[in-house]
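Undergrad: with the input below, show me the fold.
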Amino acid sequence: MRSLFAALLITWSIVACAQDNLTLARELIDLKSGYVQKKRLLEDARLQAYVPILLKAVGRGQDWKPSHPNWKAVESRITGDWMQLNADYLRSLGRDPAYGWFDTALARDYAQAFTAAELRQLAGFYRSAAGRTLLDLEQKLLEFYPASMVRAFALAMVGTETLSGRESELFNSPASRIRRDFVRLFETEAIIREESFRAGGAYAEASYPTVQQGAIAIAADRIDALRELLPPAQRTSIEEFLASAPGRKERAFLARTTPVTLPAPEDPVMAMEKEAAFYARLGELTAQWRALAAR
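TA: Prediction:
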C-alpha cells in the first residue's frame with residue numbers, strides 16, 4: 001500500500017510539474033506578444049524564396065531572364081499557384097494555413113524543453129527594460145528583414161535580382177559587419193539562418209554569408225534606424241542575456257523548433273501520402289508553367 005501511495009505521489013508530482021511548465025510557457029509566449037504573426041511572416045518569406053528557383057527552372061535558353069516578355073506573367077502565375085498549393089497541402093494535413101494553432105503548439109514545446117526555473121528566468125529578462133526594447137525592435141525588424149533576405153537570396157543564388165549602385169556600395173562597406181552584428185541580436189535572424197541550412201543543406205550554408213550581406217545592404221537604412229533606437233546600456237544587457245545559459249538555450253531552441261513545430265502528432269503514413277500528392281500536383285503545375293513560359 002505504501003509503495004502504491006508513493007507511486008501516486010510521484011505521478012501527481014510529474015503531472016503538476018508539467019502543468020506548471022505549460023502555464024509558464026504560455027505566459028512567456030504571451031509576454032512576447034505571441035508567435036502567430038511571426039510564423040506567418042517567416043513561412044511567407046520561405047515560400048517566396050522558392051519562387052525565383054521555380055521561375056528560373058521553367059524557362060529555357062539564355063533569353064529566359066527578367067527582360068523576357070513572358071517573365072512577369074509566369075512569375076505571377078507561379079507565385080499564386082505555389083502559395084495555393086502549400087495552403088492546400090497544410091489543409092489536407094488538418095493544419096490551419098493561418099497558423100492560429102502555433103502559440104499553443106510552441107508553448108507545449110517550450111514546456112518540454114525548459115525547466116520551470118529556466119522559463120521564469122526568460123520571462124524575467126523579457127519583462128526588463130532591455131527585454132521589452134528587444135521585443136519591440138524585433139517587431140520592427142520583421143517588417144522588412146525577411147523580405148530583404150528573400151530578395152538577397154534571389155540575387156545571390158538564382159540571379160533574378162540585382163543590387164542598385166548604392167546597395168552595391170553598402171554591400172562592400174566596412175559598416176556591413178556592424179549591421180550584421182546588430183541583426184544577430186534578434187531571434188528572427190537565427191530562425192531564418194537555421195531554416196536555410198535545414199532546407200538547403202551544405203550549399204545554402206556555404207552561401208548564407210553572401211546572402212545575408214546582400215540583405216543587410218538592401219535593408220541598411222532601416223537597420224541603422226533600429227540601431228539608433230537601442231540604448232548602449234540596454235544592448236549590453238541584451239548581449240549578456242544572449243551569452244547566458246538560458247539565453248543561448250532559448251535562441252537555439254527557437255531556431256531549431258519554430259520551422260518544424262506541429263499542432264499535434266501526425267500519422268506518418270497519411271503524411272507521406274499527402275506529401276506524395278503535393279509533389280504530384282507540383283509536377284502538373286510545373287508543366288503548365290513551362291508551357292506558359294514557352295508561348
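
Undergrad: which residues in the stretch 151-295 of the chain form helices?
TA: Listed in chain order, the helices of the stretch 151-295 of the chain (DSSP state H, counting those that start in this stretch) span residues 165-171, 175-183, 187-218, 220-227, 232-243, 245-257, 268-293.

Undergrad: mind listing residues that contact the shortest one?
TA: Applying C-beta atoms under 8 Å, 6 or more residues apart in numbering, the contact partners of helix 165-171 are 163, 176, 213, 214, 216, 217, 218, 220. Every C-beta, even on glycine, is put in place using the N, C-alpha and C of the backbone.

Undergrad: hey, which of the helices of the stretch 151-295 of the chain is tucked in deepest?
TA: Mean neighbour counts were taken over the helices of the stretch 151-295 of the chain using mean count of other C-beta atoms under 10 Å, and the top value, a mean of 19, falls to helix 187-218.

Undergrad: for that one, what is the distance to the chain centroid?
TA: Between the mean C-alpha point of helix 187-218 and the mean C-alpha point of its chain there is a distance of 11 Å (C-alpha atoms, centre = their mean, to the nearest Å).

Undergrad: now residue 247. Nearest residue, chain neighbours left out?
TA: Distances taken as C-beta to C-beta, 6 or more residues apart in numbering put residue 241 closest to residue 247, at 4.4 Å, once the chain neighbours are dropped.

Undergrad: that neighbour: what's it in contact with?
TA: 125, 130, 131, 247.

Undergrad: closest one of those residues to residue 85?
TA: Top of the list for closeness to residue 85, among the contacts of residue 241 and by C-beta to C-beta, is residue 247 at 38.0 Å.

Undergrad: and that closest one, how far from residue 167?
TA: Separation of residue 247 from residue 167 (C-beta to C-beta, to the nearest Å): 33 Å.

Undergrad: same thing with residue 125?
TA: The separation that residue 125 has from residue 167, given C-beta to C-beta, amounts to 35 Å.

Undergrad: cool, residue 161 as well?
TA: Counting by C-beta to C-beta, the gap from residue 161 to residue 167 is 10 Å.

Undergrad: residues shared between the contacts of these two?
TA: What both residue 161 and residue 167 touch, as defined by C-beta under 8 Å, 6+ apart, is an empty set.

Undergrad: so who does residue 34 touch?
TA: With contact taken as C-beta under 8 Å, 6+ apart, residue 34 is in contact with residue 103.

Undergrad: per-residue pLDDT of it, please?
TA: At residue 34 the predicted local distance difference test score is 96.

Undergrad: can you pull out the low-pLDDT segments for the chain?
TA: Along the chain, the model assigns pLDDT under 70 to residues 1-18, 157.

Undergrad: ok so, going back, roughly how far does the residue nearest to residue 247 sit from residue 226?
TA: Note on residue 241: its distance to residue 226, by C-beta to C-beta, is 18 Å.

Undergrad: same question, residue 132
TA: If you measure residue 132 against residue 226 using C-beta to C-beta, the figure is 15 Å.

Undergrad: residues near residue 121, how many?
TA: Here the number of neighbours of residue 121 (other C-beta atoms under 10 Å) works out to 18.

Undergrad: still on that earlier bit, among the helices of the stretch 151-295 of the chain, which is nearest residue 107?
TA: Nearest to residue 107, of all the helices of the stretch 151-295 of the chain, is helix 245-257, at 11.4 Å by C-beta to C-beta.

Undergrad: packing partners of the closest one?
TA: In terms of contacts (3 or more C-beta pairs under 8 Å, 6 or more residues apart in numbering; DSSP states H and E), helix 245-257 is packed against helix 102-113, helix 116-127, helix 187-218, helix 232-243.
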